[in-house]
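> dropping a prediction and its sequence here:
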Amino acid sequence: MPEQLGFDLPSVPALGRADFMVAPSNAMALAMVESLQRGKLVLTGPEGAGKTHLVHVWASRMNATIRAAKDIRDEDVLLLSQGAVAVEDVPLIANDPAAQTALFHLHNLALAEGHALLFTGRSPVRDWGLTLPDLASRIAAAPTAALEAPDDTLLSAVLAKLFADRQLTPKADLIPYLIRRMPRSFADARALVDQLDAASLAQKRPVSRALAAQLLDNDKGAS
């Protein structure tokens, strides 16, 4: 059978519950998010750790609205507060007083109506840098579900999913090869699959160990 070449197709992430790979590093966070029906919860973890995936799992289950913190304004608060809401990337509004004020009002109204709030950010809440004291104290009072760094099993599953999202089927020896040599993060896994796909298209070569070795060697030479 000829080796598979990449095709210039859009990457469509699969964000359903069945697509979320459970491992010791994320099982507790998953359980806490899935149990959130009232009140509030903070979800933290590094870039690419699965926060957005978990948000979509929860939003689908709760029929919740997902909104970036930087996009929330006072005129949105009344409508948003009528149901469960996931607010992503809260630390990005650390220097936006208007967005912080709107989020503070949403927090109060949504909880008063008996709805659930899910907040996300990469770092622990103490490092979010929120300047509105009332908002900062209320978010700090929420329980935190933390996604941890992946082990080999989870990182392998994530790589397989990233290849599948791009409709690529790598040979069986590629993912173990990558696991032994790549940096240990979800963000690096995503970037590496992106690079492999782009290099495969540009060089008209299959996604393989040889192509991966070339990319990783180039990265070492540039560092």
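Perfect, thanks for sending it.

> mind listing the strands in this structure by residue range?
39-44, 65-68, 85-88, 116-121, 144-146 (DSSP state E).

> so which elements touch the shortest one?
Counting contacts by 3 or more Cβ pairs under 8 Å, 6 or more residues apart in numbering; DSSP states H and E, the secondary-structure elements packed against strand 144-146 are helix 27-34, strand 39-44. No exception for glycine: its C-beta is placed from N, CA and C like everyone else's.

> show residues contacting the longest one.
Spelled out, it's helix 27-34. Contacts of helix 27-34 from elsewhere in the structure, counted by Cβ atoms under 8 Å, 6 or more residues apart in numbering, are 20, 22, 41, 43, 45, 54, 57-58, 61, 118, 143, 145-147.

> generate a ChimeraX selection restricted to the buried subset of those residues.
Under the burial definition 16 or more other Cβ atoms under 10 Å, those of the contacts of helix 27-34 that qualify are selected in ChimeraX by:
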select :20,41,43,45,54,57,58,118,145,147
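
> in JSON lines: the contacts of helix 27-34, plus pLDDT and distance to Ala202.
Shown next, in JSON lines, are those (pLDDT from 0 to 100; distance: Cβ to Cβ, whole Å):
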{"residue": "Phe20", "pLDDT": "70", "distance to Ala202": "32"}
{"residue": "Val22", "pLDDT": "72", "distance to Ala202": "36"}
{"residue": "Leu41", "pLDDT": "98", "distance to Ala202": "43"}
{"residue": "Leu43", "pLDDT": "98", "distance to Ala202": "37"}
{"residue": "Gly45", "pLDDT": "92", "distance to Ala202": "32"}
{"residue": "Leu54", "pLDDT": "91", "distance to Ala202": "34"}
{"residue": "Val57", "pLDDT": "90", "distance to Ala202": "35"}
{"residue": "Trp58", "pLDDT": "96", "distance to Ala202": "38"}
{"residue": "Arg61", "pLDDT": "93", "distance to Ala202": "41"}
{"residue": "Leu118", "pLDDT": "98", "distance to Ala202": "40"}
{"residue": "Pro143", "pLDDT": "98", "distance to Ala202": "46"}
{"residue": "Ala145", "pLDDT": "96", "distance to Ala202": "40"}
{"residue": "Ala146", "pLDDT": "95", "distance to Ala202": "38"}
{"residue": "Leu147", "pLDDT": "90", "distance to Ala202": "33"}
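
> and the strands of the chain as TSV, adding distance to Leu155?
TSV is the format used below for those (distance: least, Cβ to Cβ, whole Å):
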stretch	distance to Leu155
strand 39-44	19
strand 65-68	26
strand 85-88	23
strand 116-121	21
strand 144-146	17
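
> what packs against the lengthiest helix in the chain?
Longest helix of the chain, by residue count under DSSP state H: helix 186-203. Applying 3+ Cβ pairs under 8 Å, 6+ apart, one finds that helix 186-203 makes contact with helix 152-165, helix 209-222.

> minimum distance to Asn26: which of these has it?
In terms of Cβ to Cβ, the element of the helices and strands packed on helix 186-203 nearest to Asn26 is helix 152-165, at 7.1 Å.

> tabulate the contacts of helix 27-34 (CSV), appending distance to Ala198.
Written out in CSV, the entries for these read as follows (distance: Cβ to Cβ, whole Å):
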residue, distance to Ala198
Phe20, 26
Val22, 30
Leu41, 37
Leu43, 31
Gly45, 26
Leu54, 28
Val57, 29
Trp58, 32
Arg61, 35
Leu118, 34
Pro143, 40
Ala145, 34
Ala146, 32
Leu147, 27
